[in-house]
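[1] 3D model of this:
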Amino acid sequence: MVFPSAPGPGPYPLTLATPSFYILVGVLVIFVGMLWLLHRQHPRGRRGVEGFLEAAGVDLAFLVVSLALVVTIVAKDPHGNRTAVALYEVVLGGFWLTFAIPVVTVGSAVHHRSRGGVAWLVPSIVVAGLLFLGCFAYYFANP
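    Model prediction:
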């Protein structure tokens, strides 16, 4: 078993000019646009904004972190090593976010609605982390 090195230069081309990247940016823009529209249409609607952030806060965090990861990797090394490619593919391949966002959204909603009585937030983030590691291992083994 080969242990992954740090992301760095390598033979694999990485680019942001892909439909997957544009979809990732588009989804983030939609979420931010929804928040802006909610705040604009209901400037005193504190409960509406709180509800939106409760429902979408974790999603926004995942999308922002994912976007930052991909942009950083591509900006640092337009041709990356296996680790860089695996991280790039985990995010832009879409499979991790497809599973992780709903898992953490449900965990977060249950946690917040039960006011912490059903502590699902941290376990759902752990599951999302395990999903990330599983996807990373797959893409690292198959660059």
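
[2] when you work out contacts or count neighbours from here on, use the C-alpha atoms and nothing else.
    Noted.

[3] which residue sits farthest out from the middle of this protein?
    Distance from the centre of the chain peaks at R44, with 30.0 Å (Cα atoms, centre = their mean).

[4] please, which helix or strand holds that one?
    Secondary structure assigned from DSSP states H and E places R44 in neither a helix nor a strand.

[5] quick one: contacts for it?
    Listed by Cα atoms under 8 Å, 6 or more residues apart in numbering, R44 has no contact partners.

[6] for L38, see how far away it is.
    R44 sits 10 Å away from L38, going by Cα to Cα, to the nearest Å.

[7] what of F132?
    Counting by Cα to Cα, the gap from F132 to L38 is 32 Å.

[8] looking at these two, which one has more neighbours?
    Neighbours per residue (other Cα atoms under 10 Å) separate F132 from L38, with F132 holding more: 20 against 16.

[9] which stretches of this protein form helices?
    For the chain, the helices defined by DSSP state H cover 19-41, 46-76, 82-92, 95-113, 121-141.

[10] and the last one, what's buried?
    Pointing back at helix 121-141 there. Residues of helix 121-141 classed as buried: L121, S124, I125, A128, L131, F132, C135, F136, A137, Y139, F140 (neighbour count, 16 or more other Cα atoms under 10 Å).

[11] so for the residue nearest the centre of the chain, what's the nearest residue that isn't a sequence neighbour?
    Centroid check for the chain by Cα atoms, centre = their mean gives F62 as the closest residue, at 3.2 Å. Nearest residue to F62, sequence neighbours excluded (Cα to Cα, 6 or more residues apart in numbering): I101, at 7.3 Å.
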